[in-house]
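# sequence and predicted structure, then a few things I'm wondering about:
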Amino acid sequence: MAENKIFAGPRVRRIRNGLGLTQTAMAEALDISPSYLNLIERNQRPLTVQLLLKLSAVYKVDLDELQGEAGGSAGQLREVFADPLLAGEVPGDQELFEVAEAAPNAANGIIKLYRAYREQAARLSDLAELLAREGHETSLSGTRLPIDEVREKLERRPNFYARIEDAAEAFHAGLGLSAGDDLAVALKSWLRSQHGIVVRTLPIHAMPNLRRRYDRHSMRLFLSERLTQFDQLREVAMEASLLGLADEILAELEALGFSTGEAKRLGRFELARYAAHALMMPYGAYLAAAQRARYDIDILRSRFNVSYEQAANRLTMLQRPGAQGIAFFMLEIDHAGNRFRKAGAQGFPQAKFGGGCPKLNVHAAFSQAGQVLVDSVEMPDGAGFLTVSRTLDGPQAGFNERVRRTALLIGCDIGFRDEVVYGQAVTAAGLPPVGIGTICRLCERQGCLARAEPPVTRPLGLDEMVTGLSAFDFQ
């Protein structure tokens, strides 16, 4: 009968070292040669059933200890080496299993060190935000993916690109549209006549996982029927921008100075999206309409035949020198609080506004889908903002699919309240502003019912005799 063979050399060596034995002494007790034991410990010979029984009898070794797997540690090591900082260092999982098997204590040490590193990086990030809020420049940064670099650059700078704006206005004027003409029809006609590209809308079963696909061989741009007419228009406008405004997009992309090819690719997509909005809502016409409508997003979306999100997004771009609109900023999140997009006419006000406070009306918007919620909010330092929030519905979902819904917050300094139609709601209500903070870990508001974390700037107030309103009372 064939014997079951187990390679467990590192475990045998740990047992021997734990007992303080030499290879010769253990080999003699097991009735094998020292050279054979040496081969076993180097995993060049297996542990047979007979040897397992001898180890158990002579040294009272638990057989499970010898036959157990190192999968737990290996799985945690896999998480460590999946970090972008260590990507590519280990070509496969086999080496991780060998480390976990041969040196389990060292493996646990690596895992603990990595956890401490991640925790420290999170704390440094919070402290960097705190220093930035107080006007101090910091160079602290954690491990970043290309998308992190793109978001950081786009969020910190004004959401305005002069070359693209000028070119988009000229492009739109060159289409020769008259009042009432359909921009989508004009752009499709331009794509076909200038580049031989035909736009087609395909049913969901033909494009189950895509919103758009450009086939270079047949020169056709396919759009999913999941998209609303407004999103389909943006996709067509993006394609036209990538062709008609290629030089301007490239110039702005180079000016941003991304460090990797992947970051440049993602940045090019974001600039094409910006160009599409500029083409759909030309700067001069949109600014004039926005000022006349007192920045009423619903009126603007109807006038330019775009979606609420597109009209609101465009408000953050009105910063042309000599023809500036109100400096709006925007934030888009999902139910779980994940942030998809942040932008601002002067850069997103991360240090002053934050956007991570649970008391912002952008979170309440999910319980009142489709309703416009207006608030006046105040930061701990007295800075005030007017915020407007509303839910957005994603691509059309099928019967058995869950609807993708996000919420958009657009805001501006409270000083512009009288120039914005939404300021009427705040004035009429006559309520005091809602006290908010940047994020809980940097906010020092006492007695906040919504606090989710303690501030990193204060020690916790652990007093058994006194309990405050929050589970994270601090001194």
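Cool, got the structure.

# give me every residue that touches Glu252.
Each residue near Glu252 by C-beta atoms under 8 Å, 6 or more residues apart in numbering is listed here: 161, 163-164, 271. All C-beta atoms are positioned from the backbone trio N, CA, C, and that covers glycine.

# enumerate every residue touching the closest residue to it other than its chain neighbours.
Excluding its sequence neighbours, the residue lying closest to Glu252 (C-beta to C-beta, 6 or more residues apart in numbering) is Tyr161, at 4.8 Å. For Tyr161, the contacting residues are 248, 252, 271, 274, by C-beta under 8 Å, 6+ apart.

# please repeat the previous calculation with a cut-off of 10 Å.
For Tyr161, the contact set (C-beta atoms under 10 Å, 6 or more residues apart in numbering) comprises 167-168, 248-249, 251-253, 255-256, 271, 274-275, 278, 317, 319.

# Cys412 now?
Neighbours of Cys412 in contact, by C-beta under 10 Å, 6+ apart: 295, 315-316, 325-329, 344-345, 349, 385-388, 419-420, 422-423.

# tell me how the chain divides into domains.
The chain is divided into the following domains under automatic domain parsing: 9-67, 71-131, 144-280, 449-475.

# returning to what we had before: widest-spaced pair of the contacts of Glu252?
Arg163 and Leu271 (10.0 Å; C-beta to C-beta).

# what sits in contact with each of these two?
Contacts common to Arg163 and Leu271, judged by C-beta under 10 Å, 6+ apart, are 245, 248-252.

# filter the residues you listed to the buried ones?
245, 248-249, 252 (16 or more other C-beta atoms under 10 Å).

# in JSON lines, list those along with secondary structure.
JSON lines is the format used below for those (DSSP: H, G, I helix; E, B strand; the rest coil):
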{"residue": "Leu245", "secondary structure": "coil"}
{"residue": "Glu248", "secondary structure": "helix"}
{"residue": "Ile249", "secondary structure": "helix"}
{"residue": "Glu252", "secondary structure": "helix"}
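
# flag every buried residue along stretch 154-171.
Those buried within stretch 154-171 under the rule 16+ other C-beta under 10 Å are 154-155, 157, 159-161, 163-165, 167-169, 171.

# meant to ask about stretch 284-294, not that
The neighbour-count check on stretch 284-294 (16+ other C-beta under 10 Å) flags 286-287, 289-290 as buried.

# those residues: which two are farthest apart?
Leu287 and Ala289 (7.4 Å).

# between these two, what contacts are shared?
Joint contacts of Leu287 and Ala289 (C-beta under 10 Å, 6+ apart) are Met281.

# can you tell me how far Arg294 sits from Lys112?
As judged by C-beta to C-beta, to the nearest Å, Arg294 and Lys112 stand 58 Å apart.

# nope, Asn305 is what I meant
Asn305 is 58 Å from Lys112, by C-beta to C-beta.

# next, Leu223: phi, psi?
phi -120, psi 140 (degrees, to the nearest 10).

# what of Gly394?
The phi/psi pair for Gly394 (degrees, to the nearest 10) reads phi -80, psi -160.

# same check on Gly18?
In terms of degrees, to the nearest 10, the main-chain angles of Gly18 are phi -70, psi -30.

# what strand or helix carries the closest residue to Pro358 other than its chain neighbours?
The shortest distance from Pro358 to any residue other than its chain neighbours is 4.6 Å, reached at Ala450 (C-beta to C-beta, 6+ apart). Under the criterion DSSP states H and E, no helix or strand holds Ala450.

# quick one: Ala450 and Phe472 touch, right?
No - look at Ala450 against Phe472 with C-beta atoms under 10 Å: they stay out of range, at 11.1 Å.

# tell me the contacts of the residue lying closest to Asp413 once chain neighbours are set aside?
Distances taken as C-beta to C-beta, 6+ apart put Phe385 closest to Asp413, at 6.3 Å, once the chain neighbours are dropped. Listed by C-beta under 10 Å, 6+ apart, the contact partners of Phe385 are 329, 349, 352-353, 360, 375-379, 409, 411-417, 433-434, 436.

# is it true that Phe385 lies in a strand?
Yes - when three-state DSSP is applied, Phe385 is found to be in a strand.

# what's next to the helix or strand where Ala343 lies, contact-wise?
Ala343 is part of strand 339-344 when elements are defined by DSSP H and E. Applying C-beta under 10 Å, 6+ apart, the contact partners of strand 339-344 are 151, 154-160, 270, 273-274, 309, 313, 316-317, 319, 327-334, 348-350, 353, 355-356, 392, 406, 408-412.

# again, 6 Å this time
155, 159, 316, 329-333, 348 (C-beta atoms under 6 Å, 6 or more residues apart in numbering).

# what residues sit buried inside it?
Those would be 341-344, for strand 339-344 by 16+ other C-beta under 10 Å.

# any chance of JSON lines for those residues, columns pLDDT?
Listed next are the buried residues of strand 339-344 as JSON lines, based on pLDDT from 0 to 100:
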{"residue": "Arg341", "pLDDT": "90"}
{"residue": "Lys342", "pLDDT": "93"}
{"residue": "Ala343", "pLDDT": "94"}
{"residue": "Gly344", "pLDDT": "93"}
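
# so which of the residues you listed is the closest to Asn105?
Lys342 (43.9 Å).

# and the two most separated of the contacts of strand 339-344?
The largest separation in those, counting by C-beta to C-beta, is between Asn159 and Ile333 at 17.7 Å.

# low-scoring stretches of this protein, by residue?
The chain contains residues with pLDDT under 70 at 1-7, 61-75, 84-85, 87-94, 96-98, 100-102, 119, 122-144, 459-471, 473-475.

# who has more neighbours out of Asn305 and Lys112?
Of the pair Asn305 and Lys112, Asn305 is the one with more neighbours under other C-beta atoms under 10 Å, namely 16 against 11.

# over to the more buried one: give its phi and psi.
As for Asn305, its main-chain torsions (degrees, to the nearest 10) stand at phi 60, psi 50.

# how much space between it and Asp181?
From Asn305 to Asp181 the distance is 11 Å (C-beta to C-beta).

# what's in contact with the helix or strand where Gly284 lies?
Using DSSP H and E, Gly284 maps to helix 283-292. Applying C-beta under 6 Å, 6+ apart, the set of residues contacting helix 283-292 from outside is 165, 169, 303, 314, 318, 325.

# counting contacts, what elements does the helix or strand containing Glu262 pack onto?
Using DSSP H and E, Glu262 sits in helix 261-280. With contacts taken as 3 or more C-beta pairs under 6 Å, 6 or more residues apart in numbering; DSSP states H and E, helix 261-280 sits against helix 146-156, helix 162-174, helix 229-244, helix 246-256.

# of all these, which one is nearest Ile204?
helix 229-244 (13.8 Å).

# the closest one vs helix 246-256, what angle?
90 degrees (axes from the mean of the first three to the mean of the last three C-alpha atoms, to 10 degrees).

# show me which positions of helix 229-244 end up buried.
Using 16+ other C-beta under 10 Å as the test for burial, helix 229-244 gives 230-242, 244.

# quick one: list the elements packing against it.
So helix 229-244, by 3+ C-beta pairs under 6 Å, 6+ apart, packs with helix 183-195, strand 220-224, helix 261-280.

# correct me if wrong: Leu47 contacts Arg11.
No - applying C-beta atoms under 6 Å as the test, Leu47 and Arg11 come out as separate, 8.9 Å apart.
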